Every structure is written in C-alpha cells, then in structure tokens.
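Novice: Predicted model follows, preceded by the sequence.
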Amino acid sequence: MATPPNPPSAPPFTRPLALQPRQAWAMLLALVSGFALSQAFRTITAIMATGLQAEFALSAQALGVFAGAFAFAFGAMQLFMGIGIDLYGVRRTLLVAFPLAIAGAALSALAPSYGAVLLGQVLIGVGCAPAFLVCTVFIARYFAPSQFAAVSGVAMGVGGLGMLFTGTPLAWLVQQSSWRMGFGVLAALAALAWGLIYWKVREPATQAQHSLPRESVLQAVRGFGALFLLPHTAGILLLALMTYAAMLSLRGLWLGPLLIERHGFSLVASGHVATVMSLVSLFSPAFFGRLDPGPGARRRWLTGYTVLMAALFAAMGGWPLAWLDVAGPIAVGLLSGYMVLQYADVRSAYPAAMTGRAMSVFTMALFFGVALMQWATGAAASAAKAQGADPYGVVMFTIAGMLAVGAAAFRGLPRPPGA
C-alpha cells in the first residue's frame, strides 16, 4: 500500500471527547433536523416536476439539470465544509452555511424564471452541504467506533423523515396551491431547524483541543490530497458515485413523471408511492447498520446489494408494468439502507487522522454522482423521446448500467489492507 507523505495530524474532531450519552443523542437529533430538511430539498423534483415543466416549458434534460444543480452544488462544497469543520467545528460550520438554504428556498418560491429557480437550487445545495457531514463527524467524535454503523443508520433513518414530507404531503400541497408554496413551507421549516441547532448543539472544548496548533487552509487542502495517493480510494469513490445517486434519481426526479406519464397516475397517487418508498427507507439504514458483518464481509455485501439494485432498475426498464413500477421503487427504498455500510467501510479504510477528510471526500463523491446521474438520465430521456422510444425504460437501463460499473470498480480495484 502506498503511504501518503507526511500524513496530517489528527484533526480535533477525530479525538473522542467526554459527553454524556443523553446529551450526545439530543445534540445529534438536533443536527439530524437539518439533515432531514436536506433530504426534503433533494427529493422535491419528483413532485414538483410537472408544475415546473408547465410553468417554464422545461424539457426532460432541463429538468435533469434542475434536479442535478442541488447535488452538484452540494458535492462541490464538501471539501470546503470538511475544512470548515476541521478549523471551526460542527456547530459553527452548519450555522453559517444553512441560512443559504433558507434564502435559496425563498428565492425559488418567488422565482420569475427558470434561471432564478436554478440559482435557488444552487443556494440550497450550498446551504445543505454540511447537513449530513456534521452528523457523521459528530457520531465519529462522540460515539464509540463499534456503534458507528448502527448510530449512523439511526441518523439516516430519522433524517429520512424529510423525504416523507416530499411524498403525499407535498403532493397534496402542490395540487391544492402550487409548487411555489412547497418551497415556501420548506423555507419556514429550514428556519426552524436552524433555530433548533443554534439552541441545542454545544460542542464541549477541552484543554487538549486548545493546545493543538490550528491548521491553515492550505495544510487542510493538502490533507485532502493525501487521500488520493492511497490506491483503495478509487474503488470506494467510484462505487459512491453510483449507489446513492441511483436511489435519489428515482425518488427525487423520475418517480413522479414515471407513474404519471407511463401509467396515468394522479400527482397525489404518485405521492403515495413516494411516501411508502420514503417510509421503508426510514427503517432500512438502522436495520442494515445492526446487521453490519464487519470489515471482512462488508465489502462483499456492498458489491452484492449493488448488483441486486441494478437488477431491480433493469427490470423496471424492461417491463413497463404498473405493479412493477410501484413495487420496484418500494424495493429500492427497502434495499437502500445497505448504503450505510459504505460509511462504515470508509471509516475502517483510513487511519483516524484522515477520518473526517475521508468522510468529506466520500460525501462529495455521493453528490457528484447524483448530479452526474440526474444529468445523464435527463439527457438519455430526451434522446429517447427524440427517437420515439420509451424514455423511462431508457432512464432505468441507464441507472442499472451505472450501478453495474460502480460494483465492478469496487470489486476489481485495489482494496484497503486487510479487506
């Protein structure tokens, strides 16, 4: 294994600090409220798609760009949010960034044009960028290593409540008023989450922290670069590009149009399917977190479940059956919990001094993957329509193929030592 030159010293948040379990859980749940709003923002397109297309005359490709703008901005900011957490802490980083999400939602609610609502998506993506990263860093800092997968699974499950809102409730709200009202309500909820975090989250400082020299921004950036000198980073990131992107591209972009245009569902009926998919995904991460088989078998599980997910998407692409397009997304939501094992894999693949930065780069890959897949599937759908083919079949096959590529890379590229 190649060893990075001069590996960085352990950043402050990787050092466990004393905090009572009850306090740690209360603070974590406050942080998860921000993550829940992030989950809501990233899954609105499936419900708002028809309204946006009607008002701004959007093509399928433009809709994919709209959905991908959040993910691209979110992913692009991960490195900087990781540096912010290193230098300024979990609480301060989130409190400074999250108001941009509130402003972006307010701008979107009032947007006079497609360009304005696209800018709103970018602002929301930047504002939400630290939302789950602060949760994983907080868990790594205040919970035992043996609890990491299980506690992360609980955090992901509770955060999934945000996706519940963008199912039936948001569909009903949009149908009764407009997509603009949906953005307005989300802006208000995001403001409440910011207030809760400001009130509840207090990171205890220690004398050891004060004695550590603070890194410069340039030193922090070099610390990120050291990750890419390790040969096993490539496989981890290539799988990360595909897994969460597949689930979110279905739930956050294509589910509504798929059911409405392919099978004639109403907006509220498609919202019911989105709600059930979101509901099962609430419990799935905690379930898989408790089943974590440990470093030895974990990577085999990740490869196998990714291949199974690809098969589900291929089935939806090949057989345009209403029952399959209802059951398939629910099955994807149920299986999506296995992705929590990716976080555990990242944590065990790098030394403690690189944990926070590794989580930042991994999260960046997840959301670059979302932006890439949403753009690619939008382009594929537009090309299919131009050729008179079923756009949703092409979209599902595209997602299945990208998942297969990720699984092959993860399986075939170098692994961490001992894996």
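Specialist: Looks like it came in fine.
Novice: Okay, now the unreliable bits of the stretch 251-400 of the chain?
Specialist: Applying pLDDT under 70 to the stretch 251-400 of the chain picks out residues 352-353, 356.
Novice: got the contact list for residue 290?
Specialist: Contact analysis of residue 290 by CB atoms under 8 Å, 6 or more residues apart in numbering lists 149, 150, 153. Yep, even glycine has a C-beta here, placed from its N, CA and C like the rest.
Novice: I'd like the distance between it and residue 228.
Specialist: Note on residue 290: its distance to residue 228, by CB to CB, to the nearest Å, is 32 Å.
Novice: Same check on residue 238?
Specialist: Residue 238 is 13 Å from residue 228, where distance means CB to CB.
Novice: mind checking the SS state of residue 125?
Specialist: Three-state assignment for residue 125 (DSSP: H, G, I helix; E, B strand; the rest coil): helix.
Novice: correct me, but it touches residue 69?
Specialist: Yes. With contact defined as CB atoms under 8 Å, residue 125 counts as touching residue 69 (6.6 Å).
Novice: Can you pick out the residue with more neighbours from residue 238 and residue 228?
Specialist: Per other CB atoms under 10 Å, whichever of residue 238 and residue 228 has more neighbours is residue 238, with 19 against 12.
Novice: Can you check the pLDDT for that one?
Specialist: The model reports residue 238 with a pLDDT of 96.
Novice: related to what we said a few turns ago, comparing residue 125 and residue 69, which residue is more hemmed in?
Specialist: Set residue 125 next to residue 69 and count neighbours by other CB under 10 Å: residue 125 wins out with 27 against 22.
Novice: Let me see the contact set for that one.
Specialist: For residue 125, the contacting residues are 69, 70, 71, 72, 73, 74, 77, 104, by CB under 8 Å, 6+ apart.
Novice: switch to 7 Å and redo it
Specialist: Residues in contact with residue 125 (CB atoms under 7 Å, 6 or more residues apart in numbering) are 69, 70, 71, 72, 73, 74.
Novice: Find the residue closest to it in space, skipping its chain neighbours.
Specialist: Among residues not flanking residue 125 along the chain, residue 73 sits closest, at 3.0 Å (CB to CB, 6 or more residues apart in numbering).
Novice: Output the contacting helices and strands for the helix with the most length in the chain.
Specialist: Counting residues, the longest helix found in the chain (DSSP state H) is helix 355-386. Judged by 3 or more CB pairs under 7 Å, 6 or more residues apart in numbering; DSSP states H and E, helix 355-386 is in contact with helix 60-76, helix 78-88, helix 133-142, helix 217-227, helix 233-240, helix 243-249, helix 340-349, helix 391-412.
Novice: Centre of the chain to that helix, how far?
Specialist: Centre-to-centre, helix 355-386 and its host chain are 10 Å apart (CA atoms, centre = their mean, to the nearest Å).
Novice: what angle separates it from helix 391-412?
Specialist: Here the directions of helix 355-386 and helix 391-412 differ by 150 degrees (axes from the mean of the first three to the mean of the last three CA atoms, to 10 degrees).
Novice: element containing residue 185, please.
Specialist: Taking DSSP states H and E as the criterion, residue 185 maps to helix 179-200.
Novice: Can I get that helix as CSV, trimmed to CA atoms?
Specialist: What follows is helix 179-200, C-alpha atoms only, in CSV (Å, rounded to 0.1, in the frame of the first residue of the first chain):
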residue,chain,number,x,y,z
TRP,A,179,-45.0,24.3,-6.4
ARG,A,180,-44.1,27.7,-5.1
MET,A,181,-46.0,27.1,-1.9
GLY,A,182,-43.9,23.9,-1.4
PHE,A,183,-40.7,25.9,-1.5
GLY,A,184,-42.2,28.5,0.9
VAL,A,185,-43.1,25.8,3.5
LEU,A,186,-39.7,24.2,3.2
ALA,A,187,-38.0,27.6,3.8
ALA,A,188,-40.0,28.0,7.0
LEU,A,189,-39.2,24.5,8.2
ALA,A,190,-35.5,25.1,7.5
ALA,A,191,-35.5,28.3,9.6
LEU,A,192,-37.0,26.3,12.5
ALA,A,193,-34.3,23.6,12.1
TRP,A,194,-31.6,26.3,12.2
GLY,A,195,-33.1,27.7,15.4
LEU,A,196,-33.1,24.2,17.0
ILE,A,197,-29.5,23.6,16.1
TYR,A,198,-28.5,27.1,17.5
TRP,A,199,-30.3,26.3,20.7
LYS,A,200,-29.3,22.7,21.4
